[in-house]
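Peer 1: Sequence and predicted structure, then a few things I'm wondering about:
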Amino acid sequence: MSPGATMERVYLDLKARILSGAYPPGTRLEPAQLSRTLASSATPVRDALYRLSGERIIESWHQEGFRQPLLSEADLVDLYGWAGALLSMALKGRSPRPDLPGGLIELATHDSYPDTIESLFRAIGIGSSNGELRAAIVNIVERSMTIRALEARIDASAVDALAAMVEDYRFGRWSALRSKITRFHRRRAGFAGRVAAEIRKRSEPLR
């Protein structure tokens, strides 16, 4: 396998592990240790870590290495505010499709809250005509994946709010969806302190 192909494989594998929550918040990500898990030399792993750090999926820790983000309440408030603003921008000015008057727009069906919210927000982002906005939304969706299960446990109403947003998306009710997304993220910000506390409980001391 060529060096470029190896680096891409390592990057995608490591990214999938990180986004799935395989590493507790605050965990140091050591290239030498990860190389054994990923069946690779340390160099492609280090390159992948730098790439993921550039995407802000992981953090560079005091210029001494990498770690899984340990998000504070303030970090989460900013994250939710940014996500709400981006999604609102993607929906602004969007009009119902003329070929589907009162009809149904397809969206993949998922059983879990984290998978459903990822699918909905990705679909909104990909539907934007602005390439920069699409990339920004995909990035914020990925950076939020590890906290979604905590949201649903802390605020049971999040599941119903998501179902209502999905319903608006399926029927192209863009204005209503935009309003719901704004309210949804404001409520998420209101629960940010409790989510941050749960993140801390699941973290391990840095070694």
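Peer 2: Yes, it's here. Numbering: from 1, shown residues only.
Peer 1: any idea how far residue 83 lies from residue 127?
Peer 2: 16 Å (C-beta to C-beta, to the nearest Å). (Glycine included, C-beta is placed from N, CA and C.)
Peer 1: Between those two, tell me which one has more neighbours.
Peer 2: Taking neighbours as other C-beta atoms under 10 Å, residue 83 and residue 127 compare with residue 83 leading, 22 against 15.
Peer 1: what residues are up against that one?
Peer 2: Contacts for residue 83 were tallied using C-beta atoms under 8 Å, 6 or more residues apart in numbering; they are 121, 137, 140-141, 144, 185.
Peer 1: possible to save those as a markdown table with neighbour count?
Peer 2: A markdown table is the format used below for the contacts of residue 83 (neighbours: other C-beta atoms under 10 Å):
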| residue | neighbour count |
| --- | --- |
| 121 | 23 |
| 137 | 25 |
| 140 | 20 |
| 141 | 22 |
| 144 | 22 |
| 185 | 21 |
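Peer 1: List the buried residues of stretch 127-139.
Peer 2: Neighbour-count burial for stretch 127-139 flags 128, 133-134, 136-139 (criterion: 16 or more other C-beta atoms under 10 Å).
Peer 1: among the residues you listed, which are in strands?
Peer 2: If you go by DSSP state E, those have nothing in strands.
Peer 1: For the longest helix seen in the chain, what does the pLDDT average out to?
Peer 2: Counting residues, the longest helix found in the chain (DSSP state H) is helix 73-91. In this model, helix 73-91 has a mean pLDDT of 97.
Peer 1: what does stretch 40-55 give?
Peer 2: Per-residue scores along stretch 40-55 average to 92.
Peer 1: what comes into contact with that stretch?
Peer 2: Outside stretch 40-55, the residues within contact range by C-beta under 8 Å, 6+ apart are 3, 6-7, 9-11, 14-15, 18, 29, 31-32, 34-35, 38, 58-60, 66, 139, 142-143.
Peer 1: Nothing else from me, thank you.
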